[in-house]
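J.: following is a predicted model, sequence given first.
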Protein chains: 2
Amino acid sequence: MKRFLRALNGEAVWPPPVWLMRQAGRYLPEYRAVRAQVPDFVGLCTSPDKACEVTLQPLRRYNFDAAILFSDILMLPWALGHGLEFKEGEGPVLPKLRDEAGMAALDPSRVSDRVAPIMETVRLIRAGMKKEGFDDTTALIGFAGAPFTVACYMVEGGGSKEFAAIRGMAYSQPALFQRLMDTLTEASVEYLAAQVEAGAEALMLFDSWAGVLSPNLFRQHVIAPAKRITAALKARYPHVPVIGFPRLAGVMVGAYAETGVDGVGIDTGTDLKLAASMLPAHVAVQGNLDPLAVVAGGDALKTETTAVLNAGRGRPFIFNLGHGIVPPTPPENVAALLELVRGA
Amino acid sequence: MKRFLRALNGEAVWPPPVWLMRQAGRYLPEYRAVRAQVPDFVGLCTSPDKACEVTLQPLRRYNFDAAILFSDILMLPWALGHGLEFKEGEGPVLPKLRDEAGMAALDPSRVSDRVAPIMETVRLIRAGMKKEGFDDTTALIGFAGAPFTVACYMVEGGGSKEFAAIRGMAYSQPALFQRLMDTLTEASVEYLAAQVEAGAEALMLFDSWAGVLSPNLFRQHVIAPAKRITAALKARYPHVPVIGFPRLAGVMVGAYAETGVDGVGIDTGTDLKLAASMLPAHVAVQGNLDPLAVVAGGDALKTETTAVLNAGRGRPFIFNLGHGIVPPTPPENVAALLELVRGA
């Protein structure tokens, strides 16, 4: 079994398997060259050849233990018929879903056609991994945004500092909000199942804004949907592990184990060893180096990497960042990081 | 002893003492009327009569167990000579301190003159509380931003989503960054001591961005300075309790007890009971109702308030929000909240 999958199977693999969130991205010149060939980001996500190419690029440089489908968490709402535009320097811009009319515009029946190019990408990636000799050791991760985080962007109309609109909606229009969550939960199951059918060997649910919710709402809109999604997928694909990433969950990380996921992503601000102690021993932890330490390099990178390695040692653990790699990261610092992890 | 101070003295007071972060603020029409009389926010913070008036306003409506000096965490860097402007709808705008020249522009020797109007405000508030009959039961809190959070605004030049510049500085220019932290730590001690001399009965340290730091940096730049500040103040004023608010600290909340504070503010996303279980039994917890639940009112307010009350019952506990009250909050919902808390 591939090292990455062994860790998710509950084994303390050492040195730990390693990959980095957003490992295919703007810090790589070869990524920027491909990105320049398409007019917009959605175009890149729906061009199987190009999305496959950028997925494979970081493997060629760093031989990571996992590749992750190049796509975006907002491709699912896009496939449901919700508008999506990426504005330079501004991030995603979407219509604001705040009423029945917004809900009515979502059409789950169109998803499978709209995501067909993404499934083609998954097939091309697995074929490319085989062709280039990565497929024996590197696992391919499929992913979706978790329903709450996807809903954040749909309700707020983009990113936000406080997420006041969506939290207000959860309190003031609980029935409408629950319908939105249900629609996203069901669509996520089908979307992730299709990725498995196309070749994904593990799945990840990104809940970037889980931490803005009160404990009650966290249970309702983070834990409950992740549990439903995980159960539905495990019923169909018992051997495909699921990683949940409830970012900023803080002390709620222990409760998150109720979702039944095989691995939990830990964010940068969290003591990984302490978070791990709040999870069952067979659940893998994944994380959580500060991406800014990779930008800095040198002593700071060494100190922070050593701390993460020490925190994860002796239990199922996948080395990763605590948040996505950032564009100013020097690629040679990633090489230095991998040397530290692999020499551990 | 006043109920608020009894809780900070380690007593499980019931129903719990209650106050709300930003209880003097834009959700109150009488606040907006005073705010309209001054050209800018710094002007309000340096007008003792007006700052006193807005501090007292919420006591008259709600008879809170604590008042908090009306000021801003950025008044200390302003007093050190760092620029500060509040732009409508944009928040604070400051010069970006990123090098020796920026450090050299800070002048601790000018602080006490510059903050003199703020100390006058503190004296006026205590006098006003006595005159209006609040001083027998309501305690006055003085405060400062914690050094890391103040440094965030000074280095980033305002708010930020990712705080990449300051985290980068902590990694890449550790000596310069430590000098900035030392300067802020020392100035905070003097600033808070002056507030006690002027009449503050408890002190609070707001570390709004503590959660963006890796565990190593959290220990260096959140716990260590809060510990120094608390120790220095307790040496001079052993009976003045200190509350720390390391927002988004997550699982690091237990380690934060090493600071020696008497109370710990808990943010909205955290399970207050679980966070409390990670702290020594004599340390009060303060929090953590979602401010958006107060905007919503009705059933949502009742459910969320009950959850917080249940979580804090049986230990030293001060009811509060998990973040500042927001401008769209209907004042009558605050009245409904207080009825729930006082009827507990």
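T.: That came through fine.
J.: contacts and neighbour counts: CA atoms only from here.
T.: Fine.
J.: top helix in chain A by residue count?
T.: With secondary structure taken from DSSP state H, chain A has its longest helix at helix A:174-198.
J.: list the buried residues in that one.
T.: Across helix A:174-198, burial judged by 16 or more other CA atoms under 10 Å in any protein chain shown covers A:176-177, A:180-196, A:198.
J.: next one: it to chain centre, how far?
T.: 15 Å (CA atoms, centre = their mean, to the nearest Å).
J.: again, but for stretch A:78-87
T.: Centroid displacement of stretch A:78-87 relative to its chain, using CA atoms, centre = their mean, is 18 Å.
J.: for whichever residue of the stretch 151-300 of chain A sits closest to chain B, give me the pLDDT.
T.: Of all residues in the stretch 151-300 of chain A, the one sitting closest to chain B is A:Gly250 (3.6 Å; CA to the nearest CA). Reading off the confidence values, A:Gly250 has pLDDT 97.
J.: cool, A:Ala101 as well?
T.: Predicted confidence (pLDDT) for A:Ala101: 95.
J.: next one: A:Gly89
T.: So A:Gly89 comes in at 77 (pLDDT).
J.: dihedrals phi and psi, it?
T.: Dihedral angles of A:Gly89 (phi, psi; degrees, to the nearest 10) stand at phi 70, psi 0.
J.: I'd like to know how far it sits from chain B.
T.: Using CA to the nearest CA, to the nearest Å, A:Gly89 is found at 13 Å from chain B.
J.: please name the nearest non-neighbouring residue to the residue nearest the centre of chain A.
T.: Computing the C-alpha centroid of chain A and ranking residues by CA atoms, centre = their mean puts A:Phe206 first, at 4.1 Å. Closest residue in space to A:Phe206, ignoring its immediate chain neighbours: A:Gly145 at 4.6 Å, by CA to CA, 6 or more residues apart in numbering or on different chains.
J.: need the contact list for the one you found.
T.: Going by CA atoms under 8 Å, 6 or more residues apart in numbering or on different chains, A:Gly145 touches A:73-74, A:205-207.
J.: pretty sure the residue nearest to the centre of chain A is in a helix, no?
T.: No. A:Phe206 is assigned strand when assessed by DSSP: H, G, I helix; E, B strand; the rest coil, not a helix.
J.: that one contacts A:Val242, correct?
T.: No. Contact criterion CA atoms under 8 Å: A:Phe206 and A:Val242 do not qualify, at 10.9 Å.
J.: A:Lys227 against A:Ala255, yeah?
T.: No. Here A:Lys227 does not reach A:Ala255: they are 11.3 Å apart, not a contact under CA under 8 Å.
J.: what about A:Met87, neighbour count?
T.: Check again: residue A:87 is Lys, not Met. When counting by other CA atoms under 10 Å in any protein chain shown, one arrives at 11 neighbours for A:Lys87.
J.: tell me the contacts of it?
T.: The neighbours of A:Lys87, taking CA under 8 Å, 6+ apart as the test, are A:Val93.
J.: run through the bridge partners of it.
T.: Beta-bridge partners of A:Lys87, counted by DSSP bridges, are A:Gly91.
J.: give the buried residues for the helix or strand encompassing A:Asn310.
T.: Take DSSP states H and E as the rule and A:Asn310 turns out to sit in helix A:298-312. Residues of helix A:298-312 classed as buried: A:300-302, A:304-309, A:311-312 (neighbour count, 16+ other CA under 10 Å).
J.: turn these into JSON lines, columns for pLDDT.
T.: Listed next are the buried residues of helix A:298-312 as JSON lines, based on pLDDT from 0 to 100:
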{"residue": "A:Ala300", "pLDDT": "98"}
{"residue": "A:Leu301", "pLDDT": "98"}
{"residue": "A:Lys302", "pLDDT": "98"}
{"residue": "A:Glu304", "pLDDT": "98"}
{"residue": "A:Thr305", "pLDDT": "98"}
{"residue": "A:Thr306", "pLDDT": "98"}
{"residue": "A:Ala307", "pLDDT": "98"}
{"residue": "A:Val308", "pLDDT": "98"}
{"residue": "A:Leu309", "pLDDT": "98"}
{"residue": "A:Ala311", "pLDDT": "98"}
{"residue": "A:Gly312", "pLDDT": "98"}
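J.: just those residues that are near chain B?
T.: Contacts with chain B within the buried residues of helix A:298-312, counted by CA under 8 Å from any CA of the partner chain: A:300, A:304.
J.: ok, which pair from the buried residues of helix A:298-312 is furthest apart?
T.: The distance between the two most remote of those (CA to CA) is 18.6 Å, for A:Ala300 and A:Gly312.
J.: any idea how far the residue nearest to A:Phe206 is from A:Leu205?
T.: Distance, A:Gly145 to A:Leu205, by CA to CA, to the nearest Å: 5 Å.
J.: tell me which parts of the stretch 101-250 of chain A are close to chain B?
T.: Counting by CA under 8 Å from any CA, the stretch 101-250 of chain A comes close to chain B at A:161, A:164, A:167-168, A:171-172, A:211-216, A:218, A:248-250.
J.: hmm, who's touching the longest helix of chain A?
T.: With CA under 8 Å, 6+ apart, helix A:174-198 has contacts from A:76-77, A:99-100, A:103, A:108, A:111-112, A:115, A:119-120, A:122-123, A:142-144, A:146-148, A:150-151, A:169-170, A:202-203, A:221, A:225, A:228-229, A:232-233, A:240.
J.: narrow those residues to those that are buried.
T.: So, by 16+ other CA under 10 Å, the buried ones in these are A:76-77, A:103, A:108, A:111-112, A:115, A:119-120, A:122-123, A:142-144, A:146-148, A:150-151, A:169-170, A:202-203, A:221, A:225, A:228-229, A:232-233, A:240.
J.: among these, name the ones in helices.
T.: Using DSSP H, these in helices are A:76-77, A:103, A:111-112, A:119-120, A:122-123, A:147-148, A:150-151, A:169-170, A:225, A:228-229, A:232-233.
J.: A:Pro246 bridge partners, please.
T.: Beta-bridge partners recorded for A:Pro246 (DSSP bridges): A:Asp207.
J.: what is the rounded mean pLDDT of stretch A:40-60?
T.: On average, stretch A:40-60 scores 97.
J.: so which bits of that stretch are buried?
T.: A:41-42, A:44-48, A:50-59.
J.: and A:Pro17, how many neighbours?
T.: Other residues near A:Pro17 number 25, with proximity taken as other CA under 10 Å.
J.: how far away is it from A:Tyr62?
T.: Taken as CA to CA, the span from A:Pro17 to A:Tyr62 is 12 Å.
J.: quick check, A:Val122 in contact with A:Ser71.
T.: No. The criterion here is CA under 8 Å, and A:Val122 misses it with A:Ser71 at 10.1 Å.
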